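Undergrad: Dropping a prediction and its sequence here:
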Protein chains: 2
Amino acid sequence: MCQLLGMNCNTPTDIIFSFTGFVPRAGITDHHSDGWGIAFFEGIGVRHFVDHYAAIHSPLAELVKSWPIKSTNVIAHIRKATQGRIALENCHPFVRQLWGRNWVFAHNGDLKEFHPTLEGLFTPIGCTDSERAFCYLLQAMQQQFGNNQPPRAELAEFLQQQCHILAQYGTFNLMFSDGDALYVHCSTNLHYIVRQHPFASAALADEEMHVDFSQLTSQQDRVAIIATSPLTNNEIWCQMSPGQFIVFVDGMPQGEECGQNRILSA
Amino acid sequence: MCQLLGMNCNTPTDIIFSFTGFVPRAGITDHHSDGWGIAFFEGIGVRHFVDHYAAIHSPLAELVKSWPIKSTNVIAHIRKATQGRIALENCHPFVRQLWGRNWVFAHNGDLKEFHPTLEGLFTPIGCTDSERAFCYLLQAMQQQFGNNQPPRAELAEFLQQQCHILAQYGTFNLMFSDGDALYVHCSTNLHYIVRQHPFASAALADEEMHVDFSQLTSQQDRVAIIATSPLTNNEIWCQMSPGQFIVFVDGMPQGEECGQNRILSA
């Protein structure tokens, strides 16, 4: 199994604080050391870093921890291999193109006996169940909607249905984005928090670090952080339910009330 | 216009020396400062770095200059914007997938009035003539060969024809790879050199640096370096002719005699 980290916000924001709390799970506070990756949307462009070495030993992860890349949608992953050898082509997140957009996909879980019929355009490069699921999703989207991207609500409804199909094959915690929205499906473990005005301080659970967000933000900023397990120990994170599917837009979980600025102790 | 750098070899090799000589052209010895990028094949996986800041000011370029990433096929690019604004989605090289492979593309030149009919799977994200040409090539490959990759020689013949078509729209210096071979088309400026046993020393033209390759290599190693203009000043590079198309495999330009270890002074 693996761990996931996502960010969706209304203002380009760096993910240094959350990523710093996430990386120790790749071998120090947890054992997900078979590769890692992160993708940052900057507008419609994507910066994509993957590495088949453990994040705690990666010069690239050191760079990401110190370089404030501003993004409105980020997906990160640390890998504990279940299917597919330790190799660059098997590291998440995966990035592919459809409808003139980049699509970024990361998966935590294990799909058993999932072997959909995939065509030349959507055939996997590596040998993971996850990349097969990504190719399957893009192919299904293209078959459903043709050559033009549908409105967000229509796509979200379709993705939710597809996630329920995929979850029949096993654990399918998903983060998926085109830079416009962050689509999240929970099969077992996912938690989120929304930070907005009035901002407070947060302290990492896995590393000695805290940040006073009130010093770094404006009143309009809103940031949703989604992770396999909570990254801070002084905020109340909202636990997603098995089967739950949420679309995050501009830092807000659409149609959800949970997880907004619930501070345990500052 | 832009500058290109490519490497194709029979043994995974780092490109630090050549990249160090290439980067100063992004603002010091030349003026290509509207972004840069590099893609490394590691087996069938790809490490892809792009940045819309000048390479000489990029923390990512600093990392690439100091991190010996071993690869058999590398394509790098520094950009002087002619079409398309300075943005991440307009930086080369571009990476897309077809036939269960990654395809990496970088272009130097300027295609005038090139607006092919592109479908949903191969529509550009940014707004450059180059990405349109990449999408056009992949679409043409898929239309010609269907869902299965043809043998290399068959693909090479097809790509050569397509390059001649594209070159009718303007300058089209191309580097293109699936990690198996490096396909190169020269429209105006491209030079290459093949380094193999007995290796000698090389000194960069744009930077104070020299390397004695005999200390770093084995007798079996063979490395082809291809660049817009020669990177070293003590080796004789082979200048490609306008319209010339070369396939590099295992460090060898197929069917060519030029450019092999011609040392001016060690």
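TA: Arrived safely.

Undergrad: Show me which residues of the stretch 51-200 of chain A sit near chain B.
TA: Contacts of the stretch 51-200 of chain A with chain B, taken as C-beta under 8 Å from any C-beta of the partner chain, map to A:51-52, A:59-60, A:63, A:67, A:87-91, A:95-102, A:119-121, A:123-126, A:142, A:146-148. Any C-beta I mention is one placed from the backbone N, CA and C, and that applies to glycine too.

Undergrad: Number of residues surrounding residue A:111?
TA: When neighbours are defined as other C-beta atoms under 10 Å in any protein chain shown, residue A:111 has 22 of them.

Undergrad: in the sheet, who's paired with it?
TA: Judged by DSSP bridges, the bridge partners of residue A:111 are residue A:170.

Undergrad: gap between it and residue A:131?
TA: Using C-beta to C-beta, to the nearest Å, residue A:111 is found at 11 Å from residue A:131.

Undergrad: quick one, what contacts the closest residue to residue A:45 other than its chain neighbours?
TA: Excluding its sequence neighbours, the residue lying closest to residue A:45 (C-beta to C-beta, 6 or more residues apart in numbering or on different chains) is residue B:88, at 2.8 Å. By C-beta atoms under 8 Å, 6 or more residues apart in numbering or on different chains, the residues touching residue B:88 are A:42-43, A:45-47, B:35, B:50-52.

Undergrad: Check the spacing between residue B:88 and residue B:72 real quick.
TA: For residue B:88, the distance to residue B:72 - C-beta to C-beta - is 27 Å.

Undergrad: Over to residue A:62?
TA: Residue A:62 is 26 Å from residue B:72, by C-beta to C-beta.

Undergrad: which helices and strands does the one helix or strand residue A:18 maps to pack with?
TA: Using DSSP states H and E, residue A:18 falls within helix A:16-22. Contact here means 3 or more C-beta pairs under 8 Å, 6 or more residues apart in numbering or on different chains; DSSP states H and E; on that basis helix A:16-22 packs against strand A:3-13, helix A:59-66, strand A:71-78, strand A:222-227.

Undergrad: Quick check: bridge partners of residue A:7?
TA: residue A:74, residue A:225.

Undergrad: what about the residue of the stretch 151-266 of chain A found nearest chain B, which SS state?
TA: At 9.6 Å from chain B, residue A:179 is the closest residue in the stretch 151-266 of chain A, using C-beta to the nearest C-beta. The three-state label given to residue A:179 by DSSP: H, G, I helix; E, B strand; the rest coil is coil.

Undergrad: pLDDT value on it, please?
TA: Residue A:179 carries a pLDDT value of 97.

Undergrad: So what's the residue count around it?
TA: Residues near residue A:179, counting by other C-beta under 10 Å: 22.

Undergrad: Now residue A:121: closest residue in space, sequence neighbours ignored.
TA: In this structure, residue A:121 finds its nearest non-sequential neighbour in residue B:121, 5.4 Å apart by C-beta to C-beta, 6+ apart.

Undergrad: residues contacting that neighbour?
TA: Per C-beta under 8 Å, 6+ apart, neighbours of residue B:121: A:97-98, A:121, A:142, A:147, B:139.

Undergrad: where along chain A do the helices fall?
TA: Using DSSP state H, the helices of chain A run over residues A:16-22, A:59-66, A:129-145, A:152-167.

Undergrad: neighbouring contacts of the second one?
TA: Residues lying outside helix A:59-66 but in contact with it, judged by C-beta under 8 Å, 6+ apart, are A:16, A:19-20, A:23, A:36, A:38, A:49, A:51, A:55, B:59-60, B:63, B:67.

Undergrad: let's go with 7 Å and repeat that
TA: A:16, A:19-20, A:23, A:36, A:38, A:49, A:51, A:55, B:59, B:63, B:67 (C-beta atoms under 7 Å, 6 or more residues apart in numbering or on different chains).

Undergrad: cool, the longest one as well?
TA: When contacts are defined by C-beta under 7 Å, 6+ apart, helix A:129-145 is touched by residues A:83, A:92, A:94, A:96, A:98, A:103, A:105, A:107, A:110-111, A:114, A:116, A:118-119, A:122-125, A:158, A:162, A:166, B:120-121.

Undergrad: ChimeraX command for the buried members of those residues?
TA: One line in ChimeraX is enough to select the buried members of the contacts of helix A:129-145, burial here meaning 16 or more other C-beta atoms under 10 Å in any protein chain shown:
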select /A:83,92,94,96,98,103,105,107,110,111,114,118,122,123,124,125,158,162,166 /B:120,121
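
Undergrad: Among the contacts of helix A:129-145, which lie within strands?
TA: Using DSSP state E to define strands, the subset of those located there is A:94, A:96, A:98, A:103, A:105, A:107, A:110-111.

Undergrad: Greatest separation within those residues: which pair is it?
TA: A:98 and A:110 (25.5 Å; C-beta to C-beta).

Undergrad: any idea which of the helices and strands packed on helix A:16-22 is most buried?
TA: strand A:71-78 (a mean of 27; mean count of other C-beta atoms under 10 Å in any protein chain shown).

Undergrad: the inter-axis angle of that one versus strand A:94-98?
TA: Here strand A:71-78 points in a direction 130 degrees away from that of strand A:94-98 (axes from the mean of the first three to the mean of the last three C-alpha atoms, to 10 degrees).

Undergrad: Which elements pack onto strand A:71-78?
TA: When contacts are defined as 3 or more C-beta pairs under 7 Å, 6 or more residues apart in numbering or on different chains; DSSP states H and E, strand A:71-78 packs onto strand A:3-13, strand A:36-42, strand A:101-111, strand A:170-177.

Undergrad: For those strands, could you give me a markdown table that also reports distance to residue B:171?
TA: Output for the helices and strands packed on strand A:71-78, formatted as a markdown table (distance: least, C-beta to C-beta, whole Å):
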| stretch | distance to residue B:171 |
| --- | --- |
| strand A:3-13 | 35 |
| strand A:36-42 | 28 |
| strand A:101-111 | 27 |
| strand A:170-177 | 36 |
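
Undergrad: can you tell which of the ones you listed is closest to residue A:209?
TA: Short answer: strand A:3-13, nearest of the helices and strands packed on strand A:71-78 by C-beta to C-beta, at 15.1 Å.

Undergrad: How far off centre is that closest one?
TA: From the chain centre to the centre of strand A:3-13 is a distance of 8 Å (C-alpha atoms, centre = their mean, to the nearest Å).
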